[in-house]
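> Sequence and predicted structure, then a few things I'm wondering about:
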Amino acid sequence: MTMSAGWYLRRLSRMGPREVAGRAGDAVRRRRWRSARPDSPSVTGARFTAVLPAGTVAEVPPDAVKRLVAEADQLMAGHAEFFGVVRDDLTDPDWSYDPKTGRRAPSGYAFDVPYRDEDVAGDIKQIWEPSRHQYLTVLAAAYAVTGDERYAERVAEHLRSWWKANPPLSGVHWISGIELGIRLLSWVWIRRLLDGWPGAAELFEDNPVALNQIWHHQRWLAAFPSRGSSANNHVIAETAGQFAAACAFNWFPSSARWRSDALRSLDRELRANTFDSGLNRELATEYHGLVLELGLAALADADAAGVPVPESLRLVLLRMTDALAAVVDNRLRPPRQGDADDGHGLILDGAGTDRWGSLLATGDAVFGRLDWWPAVTGTDVRTPLLAALIRPYAKDATARPATRPDHFADAGLTVLRGPGEIWCRCDGGPHGFLSIAAHAHADALSVEVRHDGIDVLADPGTYCYHGQPEWREYFRSTLGHNTLQLDGADQSVSGGPFLWTRHARTRVLDVDNSGAGVTRWAAEHDGYQGSVHRRRVELTAASQELRIVDEVQGPRRDVQLAFHLGPAIAADLVGHRAVLTWIRDGEGRSAVLDLPEQLSWRTHRGASEPPLGWYSAGFGRKEPTTTLVGTGFADGTDGFTTVLGFRGQGGAWGT
C-alpha cells in the first residue's frame, strides 16, 4: 500500500504546529545521517551486571519449563508461525524475506525503503516480526532453565547473522522505532538469560559488532521519537527499550543521558497513554497488554540496576493490572476491542501459556492480588523472572478498588455480568486516542457477549494492517461490529488505515450495576450527522436474558443492524428468530436470539465481495463465521428490540 498525496494532506491536518516542526527536524536529520554514519565510541572493560538473582531459575514451575522447552525445540528445528504463516526456514533465516508474498525488502539507506508498498517490500509485518528477536528470548530462556548449550549457540549464531545482514541505518529494520525498542529489550533479556554460558561476554560486551549495534539502536531512538499524534504504544516501546538498554548496557558515554531522558519520557507517556481508571487510552485491549508488558520489563531493569523511578510509573502499572483483572471474563479473556496485532513486549514462554493469566500472575507477585481478582491457575516462566528483579510494591502505598469495578467512566467501558458466566461488554467510550485514533474501530455502542468464555456476539477482530485495504476497512468498520449502521456509512470517517478524520462522540446516559437482579447500561453517539443513535442494554439475572433496544432520533434513514456470532456458534435463522447452539467442555449449550421484526434478516458467512461474516482470532488469520444482518429503515418512531435468552446445558432453560 502506497500513500497518496491526499493521505499526506489528511495526515498533516491532524498534527499541531509543534509536531509539524518536530517532523521537519526529523526529515533534516534523516538527510544528514545519510552521509554521516559514525562508529560507536570505543568501549573497554564493559561488564554485564544486571543478572538474575541466584536461584531464580529454580523457581520456574516444571510445567512451564516443559512448554518452554517444547517450543524451543520446534524453533531449533526451524519451525515457527508468524501471523498465520508457517515458516520452516528459521535454522538460517533470510532477515529481509517475506514468506507470505515471496518478496524481499530492498536494501539501501533505511529511510529510502518504501516499506508501506507491499508490491516492493512484501508484507512488512512478516519481515519485522522475527527481527524483534522474541523467538531468540525463548531459546535463551530454554538455555537458562536447562543449561543445554545448543540453545545458546543457536541464539549467538542468529544474532551474529542479523548484525552482519543489517548494519546500522541499512535496510528495512532501521525504519520503525517500535521495532528497535522491542529488539533492544530482547537483547537485554538474551544477555541476562545467557549469563551462565561461557560465550555470553564474547557475544555481547566483548564484541565490537554488538557494541556498535547497541549504540546505534540507542542513538536512533534518541533522535527519532514518535511524537504528537503518533505518541501511542509506539513511544512506550521506544522508551522502554531505550531505558532498559541504558540500564543494562550502560557502557557508553551517552548511557546516563539516554537513561534519564528515556525514563522521563516513559513516565510521562505511560501516564498520557493510560486513563486514571487504568485502562489504555487506545481502547484496544491487546495494546493494553503490550504496554503493561513493556512497562513491567522496564521496571525490572530499573530495579535490577538500582535506578530510582518515579512512584507515578509504578502506580500506572498497578492501575493497569487492577483494570485488567476487572475486565476479564471467567476464563481470563479480556475484551476484543479495537486493533490487535499479536504484539508482545517480552516473550519468555512456550505455546499454550495464557498471556493474560501470566500478566495477572506477575501483578500478584509484584503488587499483590485483591480479594475480588479472578483466580489464576496457569503457570509461566516470565513471572518468577520479573518478580525476582522488581522491588515489591508497598501494600499500603495507594488506595485500590475494594470491589470489582464494572464501569470505567473515563474509558466508557462497562461490563455487565450474569449467572451462567454471562459477560457483556458495552462500548460507550471515546472513539480512540489522539487526533488520528490510529488503532480505533468505528464501533460506538457495540456489545460483545460471551457465555462461559465462548464468544456468542463477537467482536470480529482485526486480521490485517497493510496490503489488503478492503479487509482493513471491513474489520474496523461499523458494519463489522455489533452495532447499528445508517445509510451504509461508518459512524466515524476514515482517512487511511491508521487515520480517522472525524470521530463519533459518545455519551453514557445510564449505568446501573446495583445488583438488584437487572443490570442496565445506556449510551448514545452523534456519529451520523443529523441523527443520534441511542442504545439501551439490560441483563436480567433470573431469566438469563439480555435485551438490547436501539433508537434513532432524526430523519428517516436506511438501517443495517449487525450481530456477529463467534466461530463456535451454529445458527438456525427462521424469520426473526435465530436458535444458537454450541459445545462447551463436551456439553451442548444454546440460546435464542429474537431479532427486531421491523427489519428483514439474512445470514452471511464468509463473503468476500464485499467482506462480511468473518472472525479473526489473531493477526493474519481469519475464518468464516455467521453474521446476522437486518435491513430496513428508521424514522424516529419505534425502537429496534433484540432479546438474547440463554439456555442451560443440554438445551434446558437456565434458572
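Alright, I've got the coordinates.
> Show me what the mean pLDDT comes to for the helix or strand containing Thr631.
Assigned by DSSP states H and E, Thr631 belongs to strand 626-634. Taken as a whole, strand 626-634 has an average pLDDT of 97.
> Buried residues, that strand. List them.
By neighbour count with 16 or more other CB atoms under 10 Å, strand 626-634 contains the buried residues Thr626, Thr627, Leu628, Val629, Gly630, Gly632, Ala634. For every residue, glycine as well, the C-beta is placed using N, CA and C.
> What is the burial count for the closest residue to Gln337 other than its chain neighbours?
Spatial nearest neighbour of Gln337, chain neighbours left out: Thr285 (5.0 Å); criterion: CB to CB, 6 or more residues apart in numbering. When neighbours are counted by other CB atoms under 10 Å, Thr285 registers 25.
> swap in Asp342?
Residue crowding around Asp342 was assessed by other CB under 10 Å; the count is 18.
> what's the residue closest to the geometric middle of this protein?
Glu286 (2.4 Å; CA atoms, centre = their mean).
> Excluding sequence neighbours, find me the nearest residue to it.
Sequence neighbours aside, Ala340 is the residue nearest to Glu286 in space, at 3.8 Å (criterion: CB to CB, 6+ apart).
> what's the pLDDT at the one you found?
Looking at Ala340, the pLDDT reads 97.
> just to revisit the earlier point, tell me if I'm right that the residue nearest to the centre of the chain and Pro335 touch.
No: if you go by CB atoms under 8 Å, Glu286 and Pro335 don't touch, sitting 9.8 Å apart.
> ok, back up a step: so what are the sheet partners of the helix or strand just after the strand holding Thr631 and their directions?
Heading C-terminal from strand 626-634, the first helix or strand you meet, by DSSP H and E, is strand 640-646. In the sheet, strand 640-646 lines up against strand 545-553 (antiparallel), strand 587-594 (antiparallel) (DSSP bridges).
> The helix or strand of the chain with the lowest mean pLDDT packs against which elements?
Ranking every helix and strand in the chain by mean pLDDT, DSSP states H and E puts helix 5-13 at the bottom, with a mean of 84. Other helices and strands packing on helix 5-13, by 3 or more CB pairs under 8 Å, 6 or more residues apart in numbering; DSSP states H and E, are strand 493-496, strand 499-502.
> and of the ones you listed, who's closest to Val235?
Closest to Val235 of the helices and strands packed on helix 5-13 is strand 499-502 (CB to CB; 17.4 Å).
> returning to that earlier point: so which of the buried residues of strand 626-634 comes closest to Pro62?
Among the buried residues of strand 626-634, and counting by CB to CB, the member closest to Pro62 is Thr626, at 41.7 Å.
> now the closest one, which residues is it bridged with?
Arg605.
> What residues of stretch 584-597 count as buried?
Buried residues in stretch 584-597 (16+ other CB under 10 Å): Arg589, Ser590, Ala591, Leu593, Asp594, Leu595, Pro596.
> Tabulate those residues (CSV), appending pLDDT and distance to Asn330.
Formatted as CSV, the buried residues of stretch 584-597 follow (pLDDT from 0 to 100; distance: CB to CB, whole Å):
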residue, pLDDT, distance to Asn330
Arg589, 95, 14
Ser590, 97, 19
Ala591, 97, 17
Leu593, 98, 22
Asp594, 98, 25
Leu595, 98, 27
Pro596, 98, 30
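> Please identify which of the strands paired with strand 640-646 is closest to Gly352.
Gly352 sits nearest to strand 587-594 of all the strands paired with strand 640-646, at 23.1 Å, using CB to CB.
> Okay, angle between that closest one and strand 626-634 too, please.
Computed by axes from the mean of the first three to the mean of the last three CA atoms, to 10 degrees, the angle separating strand 587-594 from strand 626-634 equals 10 degrees.
> Just the residues contacting strand 587-594, thanks.
With CB atoms under 8 Å, 6 or more residues apart in numbering as the test, strand 587-594 has contacts from 451-452, 454, 456, 563, 571, 576-583, 628, 642-651.
> shaky segments in the stretch 251-400 of the chain?
397 (pLDDT under 70).
> Check the stretch 551-655 of the chain too.
Residue ranges of the stretch 551-655 of the chain with pLDDT under 70: 648-655.
> please redo it, this time with the cut-off set to 90
The model of the stretch 551-655 of the chain has pLDDT under 90 over residues 635-638, 647-655.
> I'd like the helices and strands packed on helix 5-13 laid out as TSV, including distance to Ala24.
Output for these, formatted as TSV (distance: least, CB to CB, whole Å):
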stretch	distance to Ala24
strand 493-496	21
strand 499-502	20
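> Whichever strand or helix holds Arg520 to strand 545-553, inter-axis angle?
Using DSSP H and E, Arg520 falls within strand 518-525. Going by the same axes, to 10 degrees, strand 518-525 is angled at 20 degrees with respect to strand 545-553.
> by contact count, what packs against the helix or strand just after strand 518-525?
Sequence order places strand 532-540 as the next helix or strand after strand 518-525, per DSSP H and E. Packing partners of strand 532-540 (3+ CB pairs under 8 Å, 6+ apart): strand 413-418, strand 422-427, strand 484-486, strand 518-525, strand 545-553.
> again, only using 7 Å
The contact analysis (3 or more CB pairs under 7 Å, 6 or more residues apart in numbering; DSSP states H and E) places strand 532-540 against strand 413-418, strand 422-427, strand 518-525, strand 545-553.
> Can you give the distance of the very next helix or strand once past the least confident helix or strand of the chain from its chain's centre?
Sequence order places helix 17-34 as the next helix or strand after helix 5-13, per DSSP H and E. Relative to its chain's centre, helix 17-34 lies at 29 Å (CA atoms, centre = their mean, to the nearest Å).
> Can you list the neighbours in contact with helix 17-34?
Tyr109, Phe111, Leu169, Ala223, Phe224, Arg227, Gly228, Ser229 (CB atoms under 7 Å, 6 or more residues apart in numbering).
> give the contact list for the residue nearest to the centre of the chain.
Shown in contact with Glu286 (CB under 7 Å, 6+ apart): Ala340, Asp341, Gly343.
> Perfect, that will be all.
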